[in-house]
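Novice: Sequence and computational prediction follow.
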Amino acid sequence: LTTKDDANRVLVRDLKAHIGSNVNLLGRVTAKRDHGGIGFIDLQDRTGKVQLVVDDVKELPPFQGILHCQGVVIENDRALGAVEIHVKEIDVLAAPTIELAFDPETVPPPCDGGGPSMKTILDNRELSLRSTHNQAIVRINSELLAAVDSFLRGEEFFEIKTPKIVAGGTEGGAGLFEIRYFERVAHLAQSPQLFKQTLASTPIERVFEIGPAFRSEKHETGRHLNEFTSIDIEMAYPTDLTDIMDLFEDLIRAVVQHLSAACKEDIALLKAKMPKLDRRLPRIDFDTAKEIATGKRPSRARPAEHLSPEDELVVCDWALKEHGTEAVFVHSFPRWIRPFYTKPSGNPKKTESFDFLLRGLELSSGGLRIYDAQEIETSLKKKGLDPLQLSSYLRVFRGGCPPHGGFGIGLERFVQKLLALPNVRYASLFPRDRSRIEP
Ligand code: AMO
């Protein structure tokens, strides 16, 4: 077989149009069988699988090998895709030279459990990514990003990319990774927060960024990664917090609608169900959320703690029971919980901010921002931050800044919850956690 044959490749999905013809196929061996001396091979390319038939079992290529083969397309109602290939010639382009840790076909949908352990799946990522279920996750991820992109451009947002090497932190509690930067110390960006605010303060007004965010969080949980993909938006002149929550709601609805149509088969393969978001989603304030979760309303005598993971589960159960939805906004967080840039509300102990919870997990945080120069400086100091360290950020306000607001969504958590994956690591191609920086 020559490279010229190679160029005449026919994809598996198009084989039906070539019945009776000799075709060239390229792909991977995902199974092989010996039936009374006749060999059967499943060959997989990006569009599907087809059965190859070889007269002599001695010609069976190695499992997971990469093939170029030539053969005649024959109709066979009992075969996958109703066609099979009677092979004339096979070239093995590459064959495994190591014993593979598992057969990728045996990796079940993560919701099923069973099969290789999560550690084995992640240690052998190059292999597990070949599995049918992981291909579905990769495709859904890609379609989700396309839907976000298309929705936001439709709302007149411009895509930006901002530096991930930065001087300092923005998100308060979350840890910062330190890196050596020539003669000084720098950090990996926790979020594009200050950059996106800077852009929203220009006449561009509306921006979004999809990029990596780094959090040096020591705990290992099923919801935390040390590097995640943040979908960030920021806009000038929102009417109020409701405006931002409305935009969020429209965005998530557009994404779910797109996935339901574009990824029907992949969603079914993963045994997932898209959340029903046809009704307006409930919006409750933080004190009410705490009361629902703990049975007690925060008060001066009983100051509130942040919503715990258990609280988030209870609040989502409540939303399902009371409103028939799996999602809920919690707004008006106490000031001490939110970062320095968050706009306080009429009650100065509260903020114009929200978290969005889906299926028991925080998917997004957002809110209105302080835009007054004096107010931001006071807020910085209150949080123990040094205005001198943030002088270029402060110039955004000192130079005149419009009211603005936005939100950030963790891509992996979004995929995790839409597909009901038991751990956020399954939603990441190459998860980074405290004990994993390989592969
Ligand atoms: P926040 O810190 O809440 O807000 O992050 C926003 C969203 O990012 C995701 N996320 C994470 N996902 C996986 N692992 C982590 N360690 C992790 N940390 C955060 C979550 C979370 O809801 N600048 C603000 C956003 C804004 O106000 O615009 C921010 O970063 O899904």
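Specialist: Looks like it arrived, so ask away.
Novice: need the helices for the chain, in chain order.
Specialist: In the chain, the segments counted as helices under DSSP state H are 3-7, 118-123, 125-128, 132-154, 193-200, 241-262, 264-269, 286-294, 309-323, 373-382, 391-398, 411-418.
Novice: Mind putting those helices into CSV with distance to residue 13?
Specialist: C-betas here are computed from N, CA, C, even on glycine. Below are the helices of the chain laid out as CSV (distance: least, Cβ to Cβ, whole Å):
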stretch, distance to residue 13
helix 3-7, 18
helix 118-123, 28
helix 125-128, 24
helix 132-154, 14
helix 193-200, 41
helix 241-262, 16
helix 264-269, 13
helix 286-294, 48
helix 309-323, 39
helix 373-382, 56
helix 391-398, 52
helix 411-418, 25
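Novice: can you list those in JSON lines and add mean neighbour count, distance to the ligand and mean pLDDT?
Specialist: Formatted as JSON lines, the helices of the chain follow (neighbours: other Cβ atoms under 10 Å; distance: least, Cβ to the nearest ligand atom, whole Å; pLDDT from 0 to 100):
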{"stretch": "helix 3-7", "mean neighbour count": "11", "distance to the ligand": "42", "mean pLDDT": "67"}
{"stretch": "helix 118-123", "mean neighbour count": "16", "distance to the ligand": "16", "mean pLDDT": "95"}
{"stretch": "helix 125-128", "mean neighbour count": "17", "distance to the ligand": "18", "mean pLDDT": "96"}
{"stretch": "helix 132-154", "mean neighbour count": "18", "distance to the ligand": "14", "mean pLDDT": "97"}
{"stretch": "helix 193-200", "mean neighbour count": "22", "distance to the ligand": "4", "mean pLDDT": "98"}
{"stretch": "helix 241-262", "mean neighbour count": "18", "distance to the ligand": "9", "mean pLDDT": "98"}
{"stretch": "helix 264-269", "mean neighbour count": "14", "distance to the ligand": "21", "mean pLDDT": "97"}
{"stretch": "helix 286-294", "mean neighbour count": "20", "distance to the ligand": "14", "mean pLDDT": "96"}
{"stretch": "helix 309-323", "mean neighbour count": "16", "distance to the ligand": "11", "mean pLDDT": "97"}
{"stretch": "helix 373-382", "mean neighbour count": "16", "distance to the ligand": "14", "mean pLDDT": "96"}
{"stretch": "helix 391-398", "mean neighbour count": "15", "distance to the ligand": "13", "mean pLDDT": "96"}
{"stretch": "helix 411-418", "mean neighbour count": "24", "distance to the ligand": "4", "mean pLDDT": "98"}
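Novice: who wins for proximity to residue 98 among those helices?
Specialist: When the helices of the chain are compared by Cβ to Cβ, helix 125-128 sits nearest residue 98, at 10.2 Å.
Novice: Count the neighbours of residue 356 for me.
Specialist: Residue 356 has 23 neighbours, counted by other Cβ atoms under 10 Å.
Novice: What sits closest to it if chain neighbours are left out?
Specialist: Spatial nearest neighbour of residue 356, excluding adjacent residues (Cβ to Cβ, 6 or more residues apart in numbering): residue 364 at 4.2 Å.
Novice: Spit out the contact partners of that neighbour.
Specialist: 248, 355-356, 407-410 (Cβ atoms under 8 Å, 6 or more residues apart in numbering).
Novice: Ok, residue 185 next?
Specialist: Applying Cβ under 8 Å, 6+ apart, we find residue 185 in contact with 178-179.
Novice: With residue 259 instead?
Specialist: Applying Cβ under 8 Å, 6+ apart to residue 259 gives the contacts 140, 143-144, 147, 267, 274, 418.
Novice: and the two most separated of those residues?
Specialist: Checking those with Cβ to Cβ, the most distant pair is 147 and 267, at 13.5 Å.
Novice: Any idea which residue of the protein lies closest to the ligand?
Specialist: Residue of the chain nearest the ligand, by Cβ to the nearest ligand atom: residue 410 (2.6 Å).
Novice: Would you confirm that residue 267 contacts residue 258?
Specialist: No - look at residue 267 against residue 258 with Cβ atoms under 8 Å: they stay out of range, at 11.6 Å.
Novice: Give the burial count for the nearest residue to residue 406 once chain neighbours are set aside, as a bare number.
Specialist: Closest residue to residue 406 apart from its sequence neighbours, by Cβ to Cβ, 6+ apart: residue 234 at 3.5 Å. Other residues within reach of residue 234, judged by other Cβ under 10 Å, total 29.
Novice: residues touching residue 234, list them.
Specialist: By Cβ under 8 Å, 6+ apart, residue 234 lies in contact with 196-197, 199-200, 206-208, 404-406.
Novice: Any idea what it is bridged to?
Specialist: In this entry, residue 234 is beta-bridged to residue 207, residue 406, by DSSP bridges.
Novice: where's it relative to residue 191, distance?
Specialist: Counting by Cβ to Cβ, to the nearest Å, the separation of residue 234 from residue 191 is 11 Å.
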